[in-house]
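Novice: Please find the sequence and the predicted model below.
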Amino acid sequence: MPSDKLQIDAFAMQIGDVAEADLEQLHALSISVGWPHRGADWQFLREVGKGVVATDEIGRIMSSAMWFRQAPELATIGMVITSPRLQTQGTGLWLMEYALKDLEGVNLRLNATRAAQRLYLSLGFKPEKTVYQCQGVVTDAPAVQTVAGELRALTDGDLAAAIALDAAAFGVARASLLEKLFQHSRGYGLFRDGALKAFALCRRFGRGHVVGPIVASGDEDAIAVVSSHIRDHEGRFLRLDTHFETGDFALLVVRSGLAVFDTVLTMSLGKSLNDFAAEGSEPPVTYGLVSQTLG
Ligand SMILES: CC(C)(COP(=O)(O)OP(=O)(O)OC[C@H]1O[C@@H](n2cnc3c(N)ncnc32)[C@H](O)[C@@H]1OP(=O)(O)O)[C@@H](O)C(=O)NCCC(=O)NCCS
């Protein structure tokens, strides 16, 4: 009689570069943990960041971790995934050690799922604030409201102003990322006296489109720039990741059909979010993240 149990030995894992990894396998890895990324989303991330994968003895990708130098002094970490059947065996920590070695002396930010918080706490990351992942089919797009200033589609000529506004909100200028996002996104900006006061980009991602970044100095301006994107996607799947749970902006998002699907926790190592905050009475604020991975 064969036994009803078979002990499979642990196998050795090999480290590899995410840049050389098979895109279909990366896609399968994120699907295995229920993430919506398409191959094209992985490819976008590979073009703006670095990372490692762990492969088993026959070359199957079992785990990944990526990092993104947004500026010399600040990086974000993301796409930290271990295949469900290999979790809690130290692989996530192993790959994080590669990230941290490459990022020595750099301030770090990431958005942690519940499953990953213990891992990041053990590495010294400090909890900062909650991110609300809002998504759904747009069922009730807001009507056009009048707002002080000129609201119009962004063009390449607005890139420098968008980089500057995003830098004031995010804490560092991430010029190359914004440039790349401009190539992949549609954008709306709110201008007063010729100066960009708020903007929102929207691009294909996962199950539909994602709006981000959204940068504004107050709810009213944020609503003005995001509403155009929501109207563009009436009846279609849209996602938005925001730190705002209450207030007019958060209310508008939920009322449009984008319910809070999940939350993650922004964590930092080194300087905190506050250390990067802009000064002034009404500084620009990030209303919507580029993504959980990119911040
Ligand atoms: C989070 C994740 C990457 C951890 O990978 P892993 O290879 O299991 O990590 P490790 O084995 O190195 O574990 C690191 C620590 O996390 C803990 N941990 C792992 N999975 C956990 C889970 N599902 N819930 C709670 N703690 C967990 C481990 O027990 C370990 O803690 P310890 O050192 O105190 O024992 C993995 O669970 C995963 O892919 N989850 C789904 C995707 C995800 O949420 N990614 C994180 C994005 S921020």
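Specialist: Nice, I can see it.
Novice: for the chain, which helix is longest?
Specialist: Scanning the chain for the longest helix, with DSSP state H as the assignment, gives helix 219-232.
Novice: Let me see the ranges of the strands in this structure.
Specialist: 14-17, 50-55, 61-71, 74-82, 107-112, 126-137, 150-153, 185-192, 195-205, 208-216, 237-242, 259-269, 285-288 (DSSP state E).
Novice: which parts of the fourth one are buried?
Specialist: I take that to be strand 74-82. 74, 75, 76, 77, 78, 79, 80, 81, 82 (16 or more other Cβ atoms under 10 Å). In this view, the C-beta of every residue, glycine as well, is placed from N, C-alpha and C.
Novice: helices or strands next to that strand in the packing?
Specialist: Counting contacts by 3 or more Cβ pairs under 8 Å, 6 or more residues apart in numbering; DSSP states H and E, strand 74-82 packs against helix 23-32, helix 39-48, strand 61-71, helix 91-102, strand 107-112.
Novice: can these go into JSON lines with extra columns for mean pLDDT, mean neighbour count and distance to the ligand?
Specialist: Shown next, in JSON lines, are the helices and strands packed on strand 74-82 (pLDDT from 0 to 100; neighbours: other Cβ atoms under 10 Å; distance: least, Cβ to the nearest ligand atom, whole Å):
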{"stretch": "helix 23-32", "mean pLDDT": "98", "mean neighbour count": "17", "distance to the ligand": "8"}
{"stretch": "helix 39-48", "mean pLDDT": "98", "mean neighbour count": "18", "distance to the ligand": "13"}
{"stretch": "strand 61-71", "mean pLDDT": "97", "mean neighbour count": "23", "distance to the ligand": "6"}
{"stretch": "helix 91-102", "mean pLDDT": "97", "mean neighbour count": "18", "distance to the ligand": "3"}
{"stretch": "strand 107-112", "mean pLDDT": "98", "mean neighbour count": "23", "distance to the ligand": "5"}
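Novice: right, and the ones you listed - which one's nearest residue 136?
Specialist: Residue 136 sits nearest to helix 39-48 of all those, at 18.9 Å, using Cβ to Cβ.
Novice: helices and strands around that closest one, which ones?
Specialist: helix 23-32, strand 61-71, strand 74-82, helix 175-184.
Novice: Now do it: distance to the chain's middle.
Specialist: 12 Å (Cα atoms, centre = their mean, to the nearest Å).
Novice: Stretch 56-68 too?
Specialist: 20 Å.
Novice: go on, stretch 212-222?
Specialist: Per Cα atoms, centre = their mean, the centroid offset for stretch 212-222 relative to its chain is 17 Å.
Novice: Next: stretch 122-134.
Specialist: With Cα atoms, centre = their mean, you get 13 Å for stretch 122-134.
Novice: buried set for it?
Specialist: In stretch 122-134, counting by 16+ other Cβ under 10 Å, buried: 125, 128, 131, 132, 133, 134.
Novice: Save the helices and strands packed on strand 74-82 as CSV, and put in distance to residue 291 too.
Specialist: Output for the helices and strands packed on strand 74-82, formatted as CSV (distance: least, Cβ to Cβ, whole Å):
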stretch, distance to residue 291
helix 23-32, 13
helix 39-48, 8
strand 61-71, 10
helix 91-102, 17
strand 107-112, 9
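Novice: Any idea which of these gets closest to residue 236?
Specialist: Nearest of these to residue 236, taken as Cβ to Cβ: helix 39-48 at 17.3 Å.
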